[in-house]
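> only geometry, no sequence info:
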């Protein structure tokens, strides 16, 4: 009986090859996924390449003046030909404008965002926290044209009043001086709109970093009899400091690249204007949008060069920011 | 025996919770500060909502500080002061959201009517009475732009996320870095790039697909980063089970990991769409703004909601501005709906079918 069973036993399957070498399907899979993964490199590289090709003429003709002069003139002769010798392109005024707007946005937006993040992490009851976090995340999804229109129609009237107050009481500071009494559509108001636009991103990054504060240290601070503020000062701030700097820089990158909101709110005038309450200013991105409509192909090349400068600027700021943020997350303790 | 208290009578003590006395104290400081602000506004030349708020804030912080200083000493006073400060920060952070939502509804709903969703702007100017014309062409255009942007960016974004979580080859760190860098590319630069790479050398005119390409560039980082977060949450047991059953890596990813993360990946997709649906700057450079419906992505000017809002705003008359706010209302409703769907899906347990 047992012998019959033995004879009926099916033949063993052929021995499989034991190997760590990936199979063919896996090799295809890995190749496809790696290609997809490298796409971000390819896209960033292509952006750099195409803006460089198109902007090369301008860089070649203007040299360093492109970054240091504030003269933007595309001279077209009577025959419709572009007069390259007399055309000058320099974006210094707009670079300074970009800087001013970003600094106002950071100065106003960051204290609010960090305070809000502290409240949400350490003070808020769970129910309020949930609602507030949802609201702030939702704000991050608002389109920038909405911020622009809101700034133009709603914030403008209040902010003009604040600007007049600032001028009245702090007018002795050079930045708050007014050459003429025009305060509408000023860099101050555009900076406020940008500040509101960066609140969601800075808040959510600060919140994530505060949430990583080691619980044992928090409890140790409380166990030593510290108040909540003492705990924050001794434990949470030192832990989160560099991460918040990273979050602020991400906000800075966002504020520097903003186009539509600035274009809507700000009265774009091509000049260097340090007086933030005065109705004139601009940034590189909004200048590109403004000049693009009626630009000749020759001038568009200069705009491409300006775009390249903006691209490199935001890339540097964002990369530094991400390095700082990711370092805090990993080597926090 | 009777000395042992019954279990049901033991009530947990929470000495850190605010007692009734504390609440009364906080409430009276609040009321007192409010009275001070009303008095100051009434008696001095300071006027306006801002004056009320600022004086109230200062008065509240000052009274609170002094009260706690006398009651419990300096550390408690500083602690209470700081609590007041951060509470005000969150109020200031949330105020613009409420103001924006209220403004959009108050100014936008006047421009809403049914024919908005049935007619287009082919034969109407933005300055015509609000009851004429509509924005169906813009809704169609935005829908098409976003769908094509999705078709381009979702595969790339998910492949990037799969590379970062499943393959983990030697490019993992550089790619992670580049994806983050890419999320900071200003939208106008994406528009300029497509203009330089496609519009100038190839098409020489505006069309829809160029807009979609620019939107895809802005969408890829959002999709990739959210998908990566989701795939990270898939328990390693699932991958090991797939491999232990004799599956190749390709099969365990395709049959086990990705289906388990399905709802999360859809969330990533929707968040990407919400990110780009209202993007205006590249649209203005690349797609044109036709007033008629255009279903052909590859030729002809393509209207879209951001473009409609922009043109209406630029026209400047009261009718046109009402149109702009109505357009924003429609756009915002779409964005909030997408956001809510993403939230709903994202809150479900990962791996749940």
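On my side now, so go ahead. In this text, all values refer to a predicted model and were calculated from it rather than measured experimentally.
> got any ranges where the chain has weak pLDDT?
Just going to use chain A. A:1-8, A:78-82, A:329-333 (pLDDT under 70).
> not quite, go with chain B.
In chain B (pLDDT under 70), the answer is B:1-9, B:16, B:46, B:348-353.
> for chain B, which segments count as helices?
B:20-43, B:49-72, B:74-108, B:136-162, B:172-182, B:187-194, B:208-233, B:236-244, B:249-251, B:258-260, B:262-276, B:281-286, B:305-315, B:318-347 (DSSP state H).
> would a markdown table of those helices with mean neighbour count be doable?
Quick note: C-beta positions are derived from backbone N, CA and C, even for glycine. Shown next, in a markdown table, are those (neighbours: other CB atoms under 10 Å in any protein chain shown):
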| stretch | mean neighbour count |
| --- | --- |
| helix B:20-43 | 13 |
| helix B:49-72 | 16 |
| helix B:74-108 | 18 |
| helix B:136-162 | 22 |
| helix B:172-182 | 20 |
| helix B:187-194 | 29 |
| helix B:208-233 | 25 |
| helix B:236-244 | 13 |
| helix B:249-251 | 19 |
| helix B:258-260 | 17 |
| helix B:262-276 | 23 |
| helix B:281-286 | 28 |
| helix B:305-315 | 24 |
| helix B:318-347 | 19 |
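> any chance of the ones you listed in CSV, with distance to residue A:147 too?
Formatted as CSV, these follow (distance: least, CB to CB, whole Å):
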stretch, distance to residue A:147
helix B:20-43, 30
helix B:49-72, 21
helix B:74-108, 8
helix B:136-162, 18
helix B:172-182, 22
helix B:187-194, 13
helix B:208-233, 17
helix B:236-244, 42
helix B:249-251, 45
helix B:258-260, 36
helix B:262-276, 14
helix B:281-286, 13
helix B:305-315, 12
helix B:318-347, 11
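> quick one: closest of the ones you listed to residue A:236.
helix B:74-108 (11.7 Å; CB to CB).
> can you list the helices and strands that that closest one packs against?
helix A:92-118, helix A:126-140, helix A:144-150, helix A:187-211, helix A:228-231, helix B:49-72, helix B:318-347 (3 or more CB pairs under 8 Å, 6 or more residues apart in numbering or on different chains; DSSP states H and E).
> burial count for residue 289?
You didn't say which chain, so I picked chain A. 21 (other CB atoms under 10 Å in any protein chain shown).
> chain B, not that one
20.
> who's in contact with it?
Residue B:289 makes contacts with B:301, B:302, B:303, B:304, B:307, B:308, B:310, B:311, as judged by CB atoms under 8 Å, 6 or more residues apart in numbering or on different chains.
> quick one: name the residues of the stretch 51-200 of chain A near chain B.
A:51, A:53-54, A:111-116, A:118-120, A:123-124, A:132, A:134-139, A:141-147, A:149-150, A:153-154, A:158, A:161-162, A:196, A:199 (CB under 8 Å from any CB of the partner chain).
> one step back: for the contacts of residue B:289, give me CSV that also has distance to residue A:183.
Output for the contacts of residue B:289, formatted as CSV (distance: CB to CB, whole Å):
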residue, distance to residue A:183
B:301, 39
B:302, 39
B:303, 36
B:304, 34
B:307, 31
B:308, 31
B:310, 26
B:311, 28
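> for the stretch 1-150 of chain B, which residue gets nearest to chain A?
residue B:89 (2.6 Å; CB to the nearest CB).
> quick check: closest non-adjacent residue to that residue.
Counting by CB to CB, 6 or more residues apart in numbering or on different chains, the nearest residue to residue B:89 once its immediate chain neighbours are dropped is residue A:115, at 2.6 Å.
> partner residues bridging residue A:88?
Judged by DSSP bridges, the bridge partners of residue A:88 are residue A:73.
> quick one: contacts for residue A:243?
Contacts of residue A:243 (CB under 8 Å, 6+ apart): A:205, A:206, A:209, A:324, A:325, A:328, A:329.
> spatially nearest residue to the first one (excluding sequence neighbours)?
The spatial neighbour of residue A:205 that comes closest, neighbours along the chain excluded (CB to CB, 6+ apart), is residue A:247 at 3.4 Å.
> how close does the residue lying closest to residue B:125 once chain neighbours are set aside get to residue A:37?
Nearest non-adjacent residue to residue B:125, counting by CB to CB, 6+ apart: residue B:315, 7.6 Å away. Counting by CB to CB, to the nearest Å, the gap from residue B:315 to residue A:37 is 45 Å.
> name the helices or strands packed onto the one helix or strand residue A:309 maps to?
Using DSSP states H and E, residue A:309 sits within helix A:297-330. With contacts defined as 3+ CB pairs under 8 Å, 6+ apart, helix A:297-330 has these neighbours: helix A:39-62, helix A:65-68, helix A:92-118, helix A:187-211, helix A:237-257, helix A:284-292, helix B:172-182, helix B:187-194.
> buried stuff in the longest one?
Applying a neighbour-count criterion of 16 or more other CB atoms under 10 Å in any protein chain shown, the buried positions in helix A:92-118 are A:92-98, A:100-102, A:104-106, A:108-110, A:112-118.
> hang on, the earlier thing: which of the contacts of residue A:243 count as buried?
A:205, A:206, A:209, A:324, A:325, A:328.
> thinking again about what came up before, against residue B:322, how distant is the residue nearest to residue B:125?
If you go by CB to CB, the gap between residue B:315 and residue B:322 works out to 11 Å.
> for the residue of the stretch 151-300 of chain A found nearest chain B, what are its contacts?
Residue nearest to chain B within the stretch 151-300 of chain A (CB to the nearest CB): residue A:257, separated by 2.7 Å. Residues counted as contacts of residue A:257 (CB under 8 Å, 6+ apart) are A:285, A:310, A:314, B:184, B:185, B:186, B:187, B:188, B:189.
> give me that answer again for 6 Å
A:285, A:314, B:186 (CB atoms under 6 Å, 6 or more residues apart in numbering or on different chains).
> for residue B:173, state which of those residues is nearest.
Out of the contacts of residue A:257, the member with the shortest distance to residue B:173 (by CB to CB) is residue A:314, at 21.1 Å.
> domain map for the chain?
In the absence of a named chain, chain A is used. A:24-60, A:92-330 (automatic domain parsing).
> right idea, wrong chain: chain B
Taken from automatic domain parsing, chain B resolves into B:21-110, B:136-347.
> could you dump the domains of chain A to CSV with distance to residue B:270?
Below are these laid out as CSV (distance: least, CB to CB, whole Å):
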stretch, distance to residue B:270
domain A:24-60, 20
domain A:92-330, 10
